[in-house]
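Trainee: just coords:
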């Protein structure tokens with residue numbers, strides 16, 4: 001069946017126009033997907049906290065009823081068990097790193113089931129009080145929409161990746177009512193900071209359309225209203241620099257805490273389905289004493305950045321920072337569904353409020369506004385956790401509608417991100433790849449080589465040496481074919497070993513042995529080889545690990561199929577990467 005892309009080409013619709021229209025379509029669908037997701041989360045929160053919490057368990061009565069709050073996150077975790085059975089590997093845990101893995105290392109072919117799994121899983125976890133965010137799941141939902149549209153249009157891997165970025169940009173823009181932040185989210189986080197003019201243009205279109213959809217439904221108000229902060233000018237900038245250092249330290253703790261908890265639950269010897277229940281139970285215990293750490297915490301964030309701190313002591317604000325880090329690590333590390341975005345904003349706002357209140361006590365003459373520090377730290381902490389300073393700076397200004405914090409957020413974000421990287425090198429998303437030894441930093445190269453196998457580039461007319469041949473015949477064969485190794489074959493043409501130039505060097509100046517010995521006397525029977533079905537990156541890793549220059553390609557019956565040299569492999573990789581870069585030069589070539 002002819003693709004829609006090919007069909008439209010018959011009507012002389014150019015590539016540029018076509019992809020602008022498709023980007024707008026993805027933005028429209030992402031904006032609608034955001035509405036469905038937000039409504040699901042809010043209805044879930046209404047059910048768990050209002051219906052179940054207030055009308056059934058009577059939290060508002062206080063006393064012993066407050067201990068029943070444990071039942072909310074636990075009941076949500078129990079509901080995840082059948083959901084995870086229906087959608088295996090798509091529900092449990094912080095799924096955004098796996099989403100990035102699919103985008104960059106698996107041709108961006110994302111299962112459409114993720115739309116349902118992310119919506120229901122995150123809605124249940126957040127709605128029942130799990131400490132997680134909406135933004136990671138909605139980013140995945142938008143990206144999945146882009147992937148589904150690309151498959152429908154039968155587009156290539158590179159074009160599919162671009163549409164995934166369009167969907168993620170649109171979804172984040174819609175959920176925060178922040179179109180610029182949506183674009184930068186796609187560029188800095190989804191595309192790992194690799195900015196290109198062609199993708200940027202498409203992300204802008206998708207983000208703008210998705211934001212328009214969101215504003216049509218929810219209105220144009222900023223997600224967080226803030227007062228007009230009074231910033232004390234350059235005299236106050238050193239305090240924001242100090243705030244940046246604190247943000248960097250706690251962001252590193254946040255990242256390390258999550259992955260330590262994730263590793264702990266991974267090693268826990270209980271059924272995987274029950275691990276989120278254990279995590280939810282512990283979160284519920286924290287919630288008894290600090291209910292503010294439950295769920296996404298948007299209402300708490302609003303109070304902090306507006307400077308409503310009369311009911312918050314310095315001690316409680318400090319405990320709120322640590323409590324939210326612990327609750328988030330337990331929720332997502334144990335397998336609860338959701339994202340790290342909103343908890344990052346929460347921890348940053350609480351840390352900023354703590355710092356601002358402390359500075360106001362220490363420097364009363366400066367008339368410090370603690371709410372301003374909460375807002376600045378909110379964006380700076382997000383930057384330090386995600387290593388995406390541009391997105392964080394613009395997100396803060398867009399969601400608060402307050403540009404007076406631009407200079408302080410720039411100072412705190414850059415310092416915070418630098419300190420965070422020094423203490424914990426990876427971002428909250430990329431450390432997953434470090435742990436699993438997945439080369440995410442080679443994403444461009446991986447995408448360019450996707451689908452190519454050893455059989456596509458090997459020399460199909462390989463040279464070999466008979467096991468009964470003389471050593472001089474072996475050397476002559478090496479010189480003729482410019483190789484360092486030759487496979488050794490028997491009478492049946494089966495590979496029985498391998499011989500290298502280094503193996504024969506010691507015999508070259510021993511005339512008697514040189515004439516007497518044959519190849520089978522000194523060959524190595526335990527040989528390293530490639531299979532024709534091996535992918536290109538696996539072959540490169542084997543070359544690097546073995547530190548050799550050529551490898552034979554052998555089948556299961558020990559037949560010699562070909563040979564691959566390191567030089568031939570590297571030339572192919574360079575050629576494909578250069579072609580890929582040329583292919584991305586403009587929208588018209590997408």
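Mentor: Now that the structure is in, tell me what you want to look at. Worth saying up front: this structure is predicted, and the values here are computed from it rather than measured.
Trainee: SS state for the residue nearest to the spatial centre of the chain?
Mentor: In the chain, the C-alpha nearest the mean C-alpha coordinate belongs to residue 97, at 3.2 Å (CA atoms, centre = their mean). Three-state call for residue 97 (DSSP: H, G, I helix; E, B strand; the rest coil): helix.
Trainee: how about it: what's its closest non-neighbour residue?
Mentor: Once flanking residues are discounted, residue 97 sits nearest to residue 432: 3.5 Å by CB to CB, 6 or more residues apart in numbering. For the C-beta atoms, the positions are set from N, CA and C on the backbone; glycine is no exception.
Trainee: and the strand or helix carrying that neighbour, what does it pack against?
Mentor: Counting by DSSP states H and E, the element that carries residue 432 is helix 431-435. Counting contacts by 3 or more CB pairs under 8 Å, 6 or more residues apart in numbering; DSSP states H and E, helix 431-435 packs against helix 96-105, helix 237-267.
Trainee: let's test this: mean pLDDT of the last one, rounded?
Mentor: Translated: helix 237-267. Mean pLDDT, helix 237-267: 97.
Trainee: how about stretch 277-287?
Mentor: Per-residue scores along stretch 277-287 average to 97.
Trainee: try stretch 93-100
Mentor: The average pLDDT within stretch 93-100 is 92.
Trainee: how about stretch 44-63?
Mentor: For stretch 44-63, mean pLDDT rounds to 88.
Trainee: same check, this time on stretch 122-130
Mentor: Mean per-residue pLDDT for stretch 122-130: 96.
Trainee: can you give me the neighbour number for residue 324?
Mentor: Look at residue 324: counted by other CB atoms under 10 Å, it has 27 neighbours.
Trainee: what separation do you get for it and residue 342?
Mentor: According to CB to CB, to the nearest Å, residue 324 and residue 342 sit 10 Å apart.
Trainee: any residues in contact with both of the two?
Mentor: Both residue 324 and residue 342 are contacted by residue 297, under the criterion CB atoms under 8 Å, 6 or more residues apart in numbering.
Trainee: the residue nearest to residue 97 touches residue 99, doesn't it?
Mentor: No: checked against CB atoms under 8 Å, the pair residue 432 and residue 99 is beyond contact range at 10.4 Å.
Trainee: between those two, who's got more neighbours?
Mentor: residue 99 (25 against 20).
Trainee: what's the burial count for the nearest residue to that one once chain neighbours are set aside?
Mentor: Counting by CB to CB, 6+ apart, residue 140 is the residue found nearest to residue 99 once chain neighbours are left out, at 4.7 Å. A total of 31 residues lie near residue 140 under the criterion other CB under 10 Å.
Trainee: residue 140: which element?
Mentor: With DSSP H and E as criterion, residue 140 is part of helix 135-152.
Trainee: equivalent analysis for residue 407, please.
Mentor: helix 406-423.
Trainee: care to break this protein down by domain?
Mentor: Per the record, the chain has its domains at 4-218, 233-445, 451-578, by automatic domain parsing.
Trainee: any idea which of those has the lowest pLDDT on average?
Mentor: Among the domains of the chain, domain 451-578 scores lowest, with a mean of 85.
Trainee: tell me which element the residue in the chain sticking out farthest from the centre falls in.
Mentor: For the chain, the C-alpha farthest from the mean C-alpha position belongs to residue 512; by CA atoms, centre = their mean, that distance is 63.2 Å. Assessed by DSSP H and E, residue 512 sits inside helix 511-516.
Trainee: and that helix, how far out from the chain middle?
Mentor: Counting by CA atoms, centre = their mean, to the nearest Å, helix 511-516 is centred 61 Å from the centre of its parent chain.
Trainee: what's downstream of that helix, the next helix or strand?
Mentor: Assigned by DSSP H and E, the successor of helix 511-516 is helix 519-522.
Trainee: so how far is the helix or strand following that next one from its chain's centroid?
Mentor: Following helix 519-522 in sequence order, the next helix or strand is helix 536-546 (DSSP H and E). Remark: helix 536-546 is offset 25 Å from the chain centroid, using CA atoms, centre = their mean.
Trainee: okay, the angle between the helix or strand following helix 536-546 and helix 536-546?
Mentor: Per DSSP H and E, helix 536-546 leads on to strand 550-554 as the next helix or strand towards the C-terminus. Angle, strand 550-554 to helix 536-546, by axes from the mean of the first three to the mean of the last three CA atoms, to 10 degrees: 130 degrees.
Trainee: helices or strands next to strand 550-554 in the packing?
Mentor: Against strand 550-554 (3+ CB pairs under 8 Å, 6+ apart) you get strand 485-489, strand 495-500, helix 536-546, strand 560-565.
Trainee: most tightly surrounded among these?
Mentor: Greatest average neighbour count among these goes to strand 485-489 (a mean of 24), per mean count of other CB atoms under 10 Å.
Trainee: help me confirm that residue 68 is found in a strand?
Mentor: No: the assignment for residue 68, made by three-state DSSP, is helix rather than a strand.
Trainee: quote the end-to-end distance of stretch 337-346.
Mentor: Chord length of stretch 337-346, first to last residue, is 18 Å (CA to CA, to the nearest Å).
Trainee: now it: how far from the chain's centre is it?
Mentor: On the basis of CA atoms, centre = their mean, stretch 337-346 is displaced by 14 Å from the centre of the chain it belongs to.
Trainee: show me the contacts for the nearest residue to residue 406 once chain neighbours are set aside.
Mentor: The shortest distance from residue 406 to any non-neighbouring residue, by CB to CB, 6+ apart, is to residue 397 (5.9 Å). Residue 397 makes contact with 403, 405-406, 409 under the criterion CB under 8 Å, 6+ apart.
Trainee: of these, buried ones?
Mentor: 405, 409 (16 or more other CB atoms under 10 Å).
Trainee: tell me the one of the contacts of residue 397 nearest residue 221?
Mentor: Residue 221 lies nearest to residue 403 out of the contacts of residue 397, by CB to CB, at 16.5 Å.
Trainee: dump the residue contacts of the closest one.
Mentor: residue 397.
Trainee: distance check, it against residue 562.
Mentor: Taking CB to CB as the measure, residue 403 and residue 562 are separated by 63 Å.
Trainee: what do you get for residue 93?
Mentor: 42 Å.
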